[in-house]
Structures are given as structure tokens and as C-alpha cells.
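Q: Generate a structure from the sequence data that follows.
(chains A and B)
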Amino acid sequence: MDAKTKSKRFRTRWRKQDTELTILALPTTVWYILFCFLPMFGIIIAFKNFKISGGFLSNVFNSPWAGFKNFEFLFKSNDAWIIIRNTIGYNIVFIILGIVIPVALALMIGMIHNRRAGKVYQTMMFLPYFLSWVVVSAVGWAFLSFDKGIVNQVLVDMGRDPINWYMEPSYWPYFLIFMNIWKGLGYGMVVYLATITGIDKTYYEAAVIDGASIWQQTRFITLPLMKLVIIMMFILAVGRIFYTDFGLFFQVPRDSNSLFNVTTTIDVLVYKQLKSATVGMASAAAFVQSVLGCLMILFANWVVRRIDPDSAMI
Amino acid sequence: MATRTVYESGLDRFNRPSKSVNIIFNLIFIILALVCVVPILVVLSISLSSEESIRQTGYHIFPTALSGEAYGYIVNQGTMILRALGVSLFVTIVGTVLGVLLTTSMGYAISRPNFKLKGLLTWIVFIPMVFNGGLVSSYYINSNMLGLKDTIWALILPLAVSSFNVIICKTFFKSTIPDGLIESAEMDGASQMRIFFSIILPISLPVIATIGLFLCFGYWNDWFQSMLYINNQDLYSLQALLNNLMSNVDALAKNAASMGVSYAMLAATMPKESARMAVAIVIVLPVAFAYPFFQRYFISGLTVGAVKG
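A: Reported below is the predicted structural model:
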């Protein structure tokens, strides 16, 4: 508000500083136009019979309109139902576990007597966050490979038959959920731990004087004060419910065709269609994701603003 | 973050759970910490196993026959791996420097309250956080229109700026740099460029460290851009190489074949399984050693993001 009234007062004059700041911001602005805004207009290829050969712009203008053919094609295929189920289903599980587990662990690590040990645990649990999905995929292979993997060796030692993990869809929902939590644990804990350490210590002192146990303090002080952050994280995650982590669903199952039904999400389908040059369906799926994703984010932001105006993006 | 002084006040001993609960909590965290770290140690152990033992008995948590042949192969024969290391280093360094410059300059411009284009530029930064063109149109624009396909810039440019980072910068400049400092420099006749480079950047090291680390880890860990835009094996980064090796171990021998050894012979004798895991270790090692020291910059960025997403 303050800035707005100020700029009104100076509206009449374009100063030297404005020119200089414009020049300073110019390279980044060009970057935004090339890498963010051009693709936004390129989204109309979802409504076109787009051909890959030749220049992009001339193709966009010259290729014939297809109306909603690409969408019809997408939604008539069996894949549409599978990718929507997987994308939303996995995200719901990730959102719930991605809040419950890090919150519980953040509360627990704050209670550990030895602060230094807590710090060491936290650092160790942060490691997977810094690994790329390609490395995680190699790690997974070391455990799940059919003939050399560690898990199958344990099974054989126990007198059981080895399992061809990359061919068995029934296990993969659990693997994917585990991998996602494994990789995101350190990040989640950091966010909630920052909230816990930010709580005014005098609350606890007052509670102790009133004879509250540590559990009562957690239940009646820490958790209520974390409620806002938990709700924010929840809503922001809901805003991204149409997006999935491509690396998790493509790299970790190693693109195995037998696992198609349980590992294909919107992002994976778009990538695969793009690589197999079926642009029509890929662009239709990408369009649906962009538009629904945008609506979800705006909706999430609207909810955030009703709860806590300071945390809203707009 | 957690401070050690927390338990110094006398009241604090009431704020702890009982000893037995403390032991249980410690055990839980020890198990979780091991679950997070041991898988990487397993990969390290496989990379140190001899090819013969892997062929006979598979992967093990502890190597049955210790051998450095995978690393010896990388040093002696691995032109491809050394080249990939070079690509990864180049992309990471150039990308981080470029990204920091682009991010901070934009962040500074939109943090100045009297800047005439502030509103417009803030929208330019903000809109991509809500709406994006999706993979298909970005792919065609980058590869056909901007001609980035099979160039090293395809690995650098698309990842250089993120609106999230720009907003972290803007928030930092707004909240920690006193207006008087900039105004007095303006009165002394300094140009905005000069103010930005000789006053703002030197006193903004914490936020530069945060953004730089996000970018640095992002570039080092990126494999998606390579998968989309790079077909030429000379431009493979370490991640792209590992990605390729996961589906096709023999690829390692291809490049060496041109150096006089026959492809078939090399493919038969090279330590494939352990070399693959050795590449993973070459990727992970710098990250694993660096992140404990840089954690706090990461954490400050992540928590800003969580509050002001």
C-alpha cells in the first residue's frame, strides 16, 4: 500500500534510475519471455494438427486446426483413466503421509535430550533429498535387481523364490510411496522444525509452572501453534495435485512396461508421447495439466488468503 | 535452528520426556538415519567389489572381494566419464553464476519501491508460478525455435531462473537492506548498476549463498534436460551418462573402442557392474561431503519458501 501511494506521487516523471533498473532487469525479462511466456502461447498446439518438421512458429501458424480432436483421442484411450487415477491417487497419499510423518518426526526430534545427536540424525536424514532420481534409481536397482539384487539374495537365503520386482505391479505403489517419503523426509522435517523452534519459549515455561507434562505441552501448545503451517503446506500441496515428480515415476521403475498401470502419471505419459512423436495426445494432456493445475493453484491461494492473508501469493 | 542454550534454564528439564521414551526416540531416529544413509553405502560397496564376485554372487552390503578396478578403469579408460565430469562441472559452474546474476538483478529491480516498471515485472515473475506452457510446447520452442537441441546451453539456460528464487531475493533485499543506504548512494550520483554490483551484492552474501546452492545442486543433479535435448554422447553430463548406463552398461565401452582396443574385447573385460555404480559414487561423493556444511543456507531458503511460497 505504502509503495503504491509513493509511486503515484512520482508517476509523472520517468527518472534516470528507472532506465537503469530497466536495463538491469532486461536480461532476466528476456529469459522469462523466451522460456516461460512463449511456451504459454505455444499451448495452442493442443488444438492443432501439429507437425514436427520445420520451424516452430511457422508450424504453429500453418498447421490446420483440429478443434478438440486431440482431447477426444486422449479421453477415449484407456490411458486417460489410468493417468488421472495414478496422478491424483498417489498425490493424495503423498500429501497425507508427507504431513503426518514429518510433523511427528519433527516433534520427536525436538524432544530428544541430546541436541547434538538430534542434529546428526537430521543431517543424515537430509541426504536423500540431495540425490538425483537417476542415482536413486541406481540405488533401487542394487536392491531390487532380479539376479543380483540384495533383496532377492535375502529371499533365496531364507529359502524363498526370488521375485522379478520390475515385472510385478502389485508391489510398486508401496515402493513409490516409500521412495517419495524417503527422499522428502529431510525437507519436510526442516520446515516443521523451523516452526517448532520459532515458538516463544515462555509458553512452555508457563505450562511447566502449571504442571503440564511434555505430552500435554505438545498437545496443547506445539501442535496448535503448528496448525497454520500444517494447513498452509497442505493447501499448497493440494494446489499441485495435477503435477507429479517425473523422476520418481519414470526413473525409479526404470520405465518398465509391465508396471505401466501403476507408475504412469500425467507427466510420464506426456514425456512418453512426446518422445514417440505423438504430439497431438501429448499436447492435449499437457494442456489439461496446465489449465487444471493453474485453477487448483489459484483455488489453493484463495483458501490460503482466507486463512492467513500474509501467506498468500497474490 | 535448534540452539544449544535451550536447556540451560532450570525449567527445561520438565520439558523433556522420560529417559525410556528418550531411548526409544533415539532408536527410532538411528534406524531412520541408517535407512537414509546405508543405501548409498551399499552403492559404494558395489563399486568397490570385483567384477568377478558380482558376477558370481551378486550385489552385497559388504563387498565379498574388495577391488578398485572400477575406479582404475575410470581413470585409465574412461575418457567418456572424464568428459561427462567436465560437462557436469562446466554446466554447474556457468549455470550457477549466470543464474545468480539473473536472479539477483531481477530481485533487486522489483524490490525498489519507486521503480516505474515494478508492477509489470512483478507480474512477469509471478505468472509462471501459477501457469506454465507445459512440457510439449517448451520442448518445441527450446529445440526448434531457440535451437538449443544438442548444445550445452540446453542444459544451462532453461534452469537458470526460477520465480521462487527471484522472490526469495526480493524479500531479502526488501527486508534486510536499509533504504537509506541505497538512497545515499543515489544522492552521491551512483548509477543503479553500480549500486547493485558494488553495494547490494557484497552485503547480500547470505541470500546469494542460498540461491547459489539451490542452483548448484539443481544443475549437478539434473538429468531431465539431457534426456530431452541431448543425443550427442560428447555432451552427456555425469547424470545423463549414469542414466544411459542404467539401461545399457556396454555404452561405456563404445568410446574406448576408438582408442585401439576392440569394442568386443573391451566390453567383455571391463568391470561393467562396478563401473556403473562407481559413476553413481562420483556423482554422490561431492554432494555428500558438501551438503552438511551448506545445510543452513538451504534451510533458510526452504523455510522462507514455506512461509512465502
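Q: where does the chain have low pLDDT?
A: Let's take chain A. A:1-12, A:52-54, A:313-314 (pLDDT under 70).
Q: hm, I was asking about chain B
A: B:1-15, B:249-269, B:304-309.
Q: quick check, the helix ranked longest in chain A touching chain B?
A: Assignment by DSSP state H gives helix A:78-111 as the longest helix of chain A. Yes. Helix A:78-111 is in contact with chain B by Cβ under 8 Å from any Cβ of the partner chain, via A:105, A:108, A:109, A:110, A:111. (C-beta placed from N, C-alpha, C; glycine too.)
Q: list the helices and strands the helix or strand in which residue B:168 is found packs on?
A: Using DSSP states H and E, residue B:168 sits within helix B:163-176. Packing contacts for helix B:163-176, counted by 3 or more Cβ pairs under 8 Å, 6 or more residues apart in numbering or on different chains; DSSP states H and E, involve helix B:79-111, helix B:118-130, helix B:205-220, helix B:272-307.
Q: Distance to chain A and mean neighbour count added to those, as TSV?
A: As requested, those are arranged in TSV below (distance: least, Cβ to the nearest Cβ, whole Å; neighbours: other Cβ atoms under 10 Å in any protein chain shown):
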stretch	distance to chain A	mean neighbour count
helix B:79-111	4	21
helix B:118-130	4	17
helix B:205-220	6	21
helix B:272-307	4	20
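Q: would you turn these into CSV with distance to residue B:43?
A: Below are the helices and strands packed on helix B:163-176 laid out as CSV (distance: least, Cβ to Cβ, whole Å):
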stretch, distance to residue B:43
helix B:79-111, 16
helix B:118-130, 36
helix B:205-220, 17
helix B:272-307, 5
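Q: Out of those helices, the one nearest residue B:31 is which?
A: helix B:272-307 (20.0 Å; Cβ to Cβ).
Q: How far does the closest one sit from its chain's centre?
A: Helix B:272-307 sits 7 Å away from the centroid of its parent chain (Cα atoms, centre = their mean, to the nearest Å).
Q: tell me the angle of that helix relative to helix B:163-176?
A: Inter-element angle recorded for helix B:272-307 and helix B:163-176: 50 degrees (by axes from the mean of the first three to the mean of the last three Cα atoms, to 10 degrees).
Q: Find the residue closest to the residue of the stretch 151-300 of chain A found nearest chain B in space, skipping its chain neighbours.
A: Nearest residue of the stretch 151-300 of chain A to chain B (Cβ to the nearest Cβ) works out as residue A:286 at 3.2 Å. Nearest residue to residue A:286 in three dimensions, chain neighbours excluded: residue B:134, at 3.2 Å (Cβ to Cβ, 6 or more residues apart in numbering or on different chains).
Q: list the contacts for the one you found?
A: A:39, A:43, A:270, A:283, A:286, A:287, A:289, A:290 (Cβ atoms under 8 Å, 6 or more residues apart in numbering or on different chains).
Q: residues near residue A:17, how many?
A: In terms of burial, residue A:17 registers 17 neighbours under the definition other Cβ atoms under 10 Å in any protein chain shown.
Q: Can you tell me how far it is from chain B?
A: 6 Å (Cβ to the nearest Cβ, to the nearest Å).
Q: got the phi/psi numbers for residue A:277?
A: When read as degrees, to the nearest 10, the backbone of residue A:277 gives phi 70, psi 20.
Q: Quick check: it vs residue B:182, distance?
A: Distance from residue A:277 to residue B:182, counting by Cβ to Cβ, to the nearest Å: 52 Å.
Q: Residue B:231 too?
A: 48 Å.
Q: now residue A:41
A: From residue A:41 to residue B:182 the distance is 37 Å (Cβ to Cβ).
Q: Return stretch B:104-116 as PDB; C-alpha atoms alone will do.
A: Written as PDB, here are the backbone C-alpha positions of stretch B:104-116 (Å, rounded to 0.1, in the frame of the first residue of the first chain):
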ATOM      1  CA  THR B 104      19.500 -11.200  -8.100                       C
ATOM      2  CA  SER B 105      19.300  -8.400 -10.700                       C
ATOM      3  CA  MET B 106      15.600  -9.100 -11.200                       C
ATOM      4  CA  GLY B 107      15.100  -9.400  -7.500                       C
ATOM      5  CA  TYR B 108      16.800  -6.100  -6.900                       C
ATOM      6  CA  ALA B 109      14.800  -4.300  -9.600                       C
ATOM      7  CA  ILE B 110      11.400  -5.400  -8.300                       C
ATOM      8  CA  SER B 111      12.500  -4.700  -4.700                       C
ATOM      9  CA  ARG B 112      12.900  -0.900  -5.400                       C
ATOM     10  CA  PRO B 113       9.600   0.700  -4.300                       C
ATOM     11  CA  ASN B 114       9.800   3.700  -6.700                       C
ATOM     12  CA  PHE B 115      10.700   1.700  -9.900                       C
ATOM     13  CA  LYS B 116       8.100   2.500 -12.600                       C
END
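Q: give me the element the nearest residue to residue A:242 once chain neighbours are set aside is part of.
A: Leaving aside its sequence neighbours, residue A:242 sits nearest to residue A:293 (Cβ to Cβ, 6+ apart; 4.4 Å). Residue A:293 belongs to helix A:279-307 when assigned by DSSP H and E.
Q: any idea of the angle that helix forms with helix B:118-130?
A: Using the same axes, to 10 degrees, helix A:279-307 lies at 120 degrees relative to helix B:118-130.
Q: Show me what helix A:279-307 is packed up against.
A: Right, helix A:279-307 is packed against helix A:69-76, helix A:223-239, helix A:266-275, helix B:118-130, helix B:134-140 by 3+ Cβ pairs under 8 Å, 6+ apart.
Q: Tell me how many other residues crowd the closest residue to residue B:128 other than its chain neighbours.
A: Nearest residue to residue B:128, sequence neighbours excluded (Cβ to Cβ, 6+ apart): residue A:36, at 4.2 Å. Using other Cβ under 10 Å, residue A:36 is surrounded by 21 other residues.
Q: between residue A:277 and residue B:182, who's got more neighbours?
A: Using other Cβ under 10 Å as the criterion, residue A:277 and residue B:182 rank with residue B:182 on top: 21 against 9.
Q: correct me, but the more buried one touches residue B:203?
A: No. If you go by Cβ atoms under 8 Å, residue B:182 and residue B:203 don't touch, sitting 10.9 Å apart.
Q: show me what contacts residue A:216?
A: When contacts are counted by Cβ under 8 Å, 6+ apart, residue A:216 touches residue A:207.
Q: Centre of the chain to the helix or strand containing it, how far?
A: Applying DSSP H and E as the criterion places residue A:216 in helix A:214-217. Relative to its parent chain, helix A:214-217 has a centroid offset of 33 Å by Cα atoms, centre = their mean.
Q: buried ones in it?
A: A:214, A:217 (16 or more other Cβ atoms under 10 Å in any protein chain shown).
Q: Could you export it as PDB, CA atoms only?
A: The C-alpha coordinates for helix A:214-217 follow below in PDB (Å, rounded to 0.1, in the frame of the first residue of the first chain):
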ATOM      1  CA  ILE A 214       5.700 -32.800  27.900                       C
ATOM      2  CA  TRP A 215       2.900 -34.600  26.200                       C
ATOM      3  CA  GLN A 216       0.400 -32.000  27.300                       C
ATOM      4  CA  GLN A 217       2.700 -29.300  26.200                       C
END
